[in-house]
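**Student:** after the sequence you'll find the predicted model.
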Amino acid sequence: MFYETINKERLDRYLDAVRALDEALRKKHLIEARIGSKGVDYSKTKITHGNGKQTTEPEKFAIDLERINKEIDELKAFTIPEHKILVAQISRLKKHAWRKAITYRYIEGEKISDIVQREFYYEPDFQDEKNGKYKKRVERWLSDAIDELEKVSSKPFIKKERQLVFEEVNNESS
């Protein structure tokens, strides 16, 4: 079986796809809001673009929604299985700080400055430090986590389900 290792490029590809999916969903909601409550009856809308004919506004909405829905389906086809793989592999990292940092950065899409604030805001020297040492610490966590993730993900991994073992008890009375 082929194991594709998880490296920074793969994490960046996933994050870019998630951001593109969010943007496509945002555009879809904007178009749906612009259509309003009347909606577009797709069954009666005949798309006639491309033949030099003038397209009507409902046709434009239908064309745009078709394109965006196709884009959303393609992005979901990539991101959903990739998300499951990444989460399973990230859970294999030994250090909790690495798991948190890489999850916040690549799964949840947070900026490093947001991770620094989330993790170190209540430290006594946080305001005086101006995020310098804490930012370096989070960057080091991410770098170490990505290196470890690449090593861990190159090895076979079969997720074992926890299974309860029931023993039969014989209550024979003599």
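**Tutor:** Nice, I can see it.
**Student:** and the gap between residue 13 and residue 99?
**Tutor:** 20 Å (CB to CB, to the nearest Å). Where C-beta positions appear, they are placed from N, C-alpha and C, glycine not excepted.
**Student:** moving C-terminal of the helix or strand harbouring residue 31, what's the next helix or strand?
**Tutor:** Element membership for residue 31, per DSSP states H and E: helix 8-35. Proceeding N to C from helix 8-35, the next assigned helix or strand is helix 57-90, under DSSP H and E.
**Student:** excluding chain neighbours, give the residue nearest to residue 154 in space.
**Tutor:** residue 5 (4.5 Å; CB to CB, 6 or more residues apart in numbering).
**Student:** what residues does the one you found make contact with?
**Tutor:** By CB atoms under 8 Å, 6 or more residues apart in numbering, the residues touching residue 5 are 150, 153-154.
**Student:** who are the packing partners of the helix holding residue 31?
**Tutor:** Packing partners of helix 8-35 (3 or more CB pairs under 8 Å, 6 or more residues apart in numbering; DSSP states H and E): helix 57-90.
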